[in-house]
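Engineer: got a sequence here, can you model it:
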Amino acid sequence: MQTSFFDLDNRLASLSTAGDPLERLNAAIDWDIFKPVLAQLDVKERKSRAGRKPTCRILMFKMLILQQMYALSDERLEFQVTDRLSFMRFLGLGLARDVPDARTVWEFREALKTRALHQALFDRFHQALQNLGVQLKSGQILDATLVPAPVQHNKREDNDLIKAGAQPLDWQDSPAKRRQKDTEARWTRKNHLSHFGYKNHINIDRDSKLIHKAVVTPANKADIDVQEELLCAPDRAGADVHKDAGYVSAPKDRAMKDKGWCPHTNEKGERGHPLSEEQKLSNRTKSKTRARVEHVFGAMENDMGGIGVRSIGLKRAQCHLMLKNLAYNLKRTAYLLKMKFWKGIDRIGAPKASHAG
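Structural biologist: Numbering: from 1, shown residues only. Below is the predicted model of the structure:
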């Protein structure tokens, strides 16, 4: 039995009726807002018109967003885009169009990493919100989550050299082995368990739960050491800053107050000096607000397939996690628009030009 375009239209209509989240995302986001950043990949002048032309940058960027939303490897992303009608429609691919392969996806992401454009894409989205008059000033909430990476099975003496910033001699004679060794991820302990990988430190807006800023570090980096880099100015994101006990530092809180912030930091008991009932009650009150950041990590873990990395090295982890943070913001924004969170705004895009006269 031969199918027709009417059959395809009927299936797409069925997806829409069922509430295709990718269709809603396309309706909520004007992807052209990212063109100025992606155009930086093409700044090198082509010497001739010969050779294969670059794949559409917006298409490739949207593929990376799909990858983060569904936690897909490059190979599985290629397969799912080929197989799923909702993915094809989201990308604007017809049944007759070629799907970029896994190698093309990898090279595109590497290009973003090399030029640090993952951060520029994250910032460009916030600029688009500001251009539309969206203000995220309800207060800041800081927290971090551990991000597992492939565990390295090294000898103890090799680990000692890596921590000292050196490299085992036998690795230098084996480039293939060296490429598979992550010398920038670190071990840390939490809740009496050991974890290997990185940390995704984020600062979110209290009311919208959108991520203001993010910093990616090795897992052993203390939360308090990243606080200054993570904070947004009070006039941009609000003066109230909510933090858990990992950010306890009386000198840093005093410095914050001097600069216009109002820190709300959960207190931490010490051996021989447990928290008083009054302090425990204060912590519970603060946690009602601070816990909103856990919803963000929960959405990444449960709705977006998890927060782990498969790559090797800090720069690739930074690229991966900043794209994950951006994908979360885009998905969250589609929900906020659906709920009429911002009056008069139903799509995030460049402001329309005014025509005088």
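Engineer: could you pull out the strands for this protein?
Structural biologist: For the chain, the strands defined by DSSP state E cover 140-148, 186-190, 193-205, 211-218, 240-243, 262-265.
Engineer: closest one to K331 among the ones you listed?
Structural biologist: strand 211-218 (11.4 Å; Cβ to Cβ). To be clear about C-beta, it is placed using only N, CA and C from the backbone, and glycine gets the same treatment.
Engineer: I'd like the average pLDDT over that closest one.
Structural biologist: Mean per-residue pLDDT for strand 211-218: 98.
Engineer: what's in contact with that strand?
Structural biologist: Identification of contacts with strand 211-218 by Cβ atoms under 8 Å, 6 or more residues apart in numbering yields 122, 126, 136, 140, 147, 184-186, 198-205, 226, 229-232, 237, 296, 314, 317-318, 321-322, 325, 328-329.
Engineer: check stretch 264-283 too.
Structural biologist: Against stretch 264-283 from outside (Cβ under 8 Å, 6+ apart): 240-245, 247-248, 253, 286-287, 289-290.
Engineer: and if we set it to 7 Å?
Structural biologist: D240, V241, H242, K243, D244, A245, Y247, V248, D253, K286, S287, R290 (Cβ atoms under 7 Å, 6 or more residues apart in numbering).
Engineer: what distance separates the start and the end of stretch 96-105?
Structural biologist: Taking Cα to Cα, to the nearest Å, stretch 96-105 runs 20 Å from one end to the other.
Engineer: return the set of buried residues in that stretch.
Structural biologist: V99, P100, T104, V105 (16 or more other Cβ atoms under 10 Å).
Engineer: my guess is the first one meets T82, correct?
Structural biologist: Yes: taking contacts as Cβ atoms under 7 Å, V99 lies within contact range of T82: 4.9 Å.
Engineer: ok, back up a step: could the strands of the chain go into TSV alongside distance to A116 and mean neighbour count?
Structural biologist: TSV is the format used below for these (distance: least, Cβ to Cβ, whole Å; neighbours: other Cβ atoms under 10 Å):
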stretch	distance to A116	mean neighbour count
strand 140-148	19	23
strand 186-190	22	14
strand 193-205	17	22
strand 211-218	12	22
strand 240-243	27	24
strand 262-265	30	19
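Engineer: redo these as JSON lines? Include distance to M304.
Structural biologist: Formatted as JSON lines, the strands of the chain follow (distance: least, Cβ to Cβ, whole Å):
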{"stretch": "strand 140-148", "distance to M304": "13"}
{"stretch": "strand 186-190", "distance to M304": "22"}
{"stretch": "strand 193-205", "distance to M304": "12"}
{"stretch": "strand 211-218", "distance to M304": "13"}
{"stretch": "strand 240-243", "distance to M304": "23"}
{"stretch": "strand 262-265", "distance to M304": "28"}
